[in-house]
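Asks: Based on what follows, work out the 3D shape:
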Amino acid sequence: MRRAALVLAAPLLLAQAKPVLVPDVSQREIRIAYSFTGAELLLFGAILYPGGRLPDGEHPTDLVVVVKGPVQSITVREKEKLAGIWVNAQALRYRSAPSFYAIASSRPIDRIVDDRTRAIYELGLDSLQLSPASSAPSPVQDRFAAGLVDLRRRAGLYYEAPKAVEISEGVLYRARVAIPARVPVGRFTAETFLIRDGKVLAAAVREIDVQKEGFERFVARAADRAALLYGLSAVTLSVLLGWAAGRFAQRT
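Replies: Presented below is the predicted three-dimensional model:
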């Protein structure tokens, strides 16, 4: 009797079960050397639907991939012209702005989810939670946030790529995300969202390590672990190089 009840309930359980994402990335580690000119990450994977049943054509699923760099504290300064000279004016500090942010989606993100869902999952540059350190008025915060996003977008550190996620046979997917040469180091996350009818059905995360190697790694470690000694060495080296250049110029 109990077994018969379980058999009858199985279709209902399968209907209530949610799909599962199985993601992966082409590189788990990115090493930055002096010749590093950037990299391209391939994010791919599969969607496992309950019972192997694909959704009907009237309710297709969408995929969104978000790659984030480690958060950092940053101060944004606004410049104004005073007596014909551009000077720093108002400033606003953010406690946790992502050092890198890229979002790729199967369709434009505003056609996939509403503003509330975008804000919850930080889907899109205009939905980033930047955590300002001061209680500035909302118009001021919005102006500085737009300035920060614009600066990092022009540096290639923030960008959106609508229609960059390809879905094959409703099961396999892939997307390419460009990593610029000026990318910061640290632990990155690649998060994939499966969305249907404006709701997030599944999410999965993979981590990526971006580290320097060779002489660049030595310099970065020296600056981090012995900041005072590193600063004094840099100043001394600059003075010696300047003196040597002056002596060479005098002889020629």
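Asks: Which of the three states applies to Asp150?
Replies: Secondary structure of Asp150, reduced to three states by DSSP: H, G, I helix; E, B strand; the rest coil: helix.
Asks: Leu194: neighbouring residues, count only.
Replies: Leu194 is surrounded by 21 other residues when neighbours are defined as other Cβ atoms under 10 Å. For the C-beta atoms, the positions are set from N, CA and C on the backbone; glycine is no exception.
Asks: What's opposite it in the beta bridge?
Replies: When bridges are assigned using DSSP bridges, the partners listed for Leu194 are Leu63, Ala202.
Asks: So it sits against Pro19, correct?
Replies: Yes - in this structure Leu194 lies within contact range of Pro19 using Cβ atoms under 8 Å: 6.1 Å.
Asks: shared neighbours of those two, anything?
Replies: In terms of Cβ atoms under 8 Å, 6 or more residues apart in numbering, Leu194 and Pro19 are both contacted by the residues 47, 61, 201-202.
Asks: Kindly reformat those as TSV and extend each row with neighbour count.
Replies: Formatted as TSV, the entries for the shared contacts of Leu194 and Pro19 read as follows, by neighbours: other Cβ atoms under 10 Å:
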residue	neighbour count
Ile47	23
Thr61	20
Leu201	17
Ala202	18
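Asks: Which one among those residues sits at the bottom for pLDDT?
Replies: Scanning the shared contacts of Leu194 and Pro19 for pLDDT, the low point is Thr61. It has 89.
Asks: That residue - nearest residue in space that isn't next to it in sequence?
Replies: Counting by Cβ to Cβ, 6 or more residues apart in numbering, the nearest residue to Thr61 once its immediate chain neighbours are dropped is Arg196, at 4.6 Å.
Asks: you'd agree that neighbour is up against Leu54?
Replies: No - no contact is recorded between Arg196 and Leu54 when judged using Cβ under 8 Å, the distance being 11.5 Å.
Asks: quick one: buried residues of stretch 127-141?
Replies: By neighbour count, with 16 or more other Cβ atoms under 10 Å as the criterion, the buried positions of stretch 127-141 are 127-128, 130, 132, 141.
Asks: okay, now the domains of this structure?
Replies: Per automatic domain parsing, the domain ranges recorded for the chain read 17-212, 214-252.
Asks: mind checking pLDDT for Val177?
Replies: 92.
Asks: Look up which residues are beta-bridged to it.
Replies: With beta bridges defined as DSSP bridges, Val177 has these partners: Leu41.
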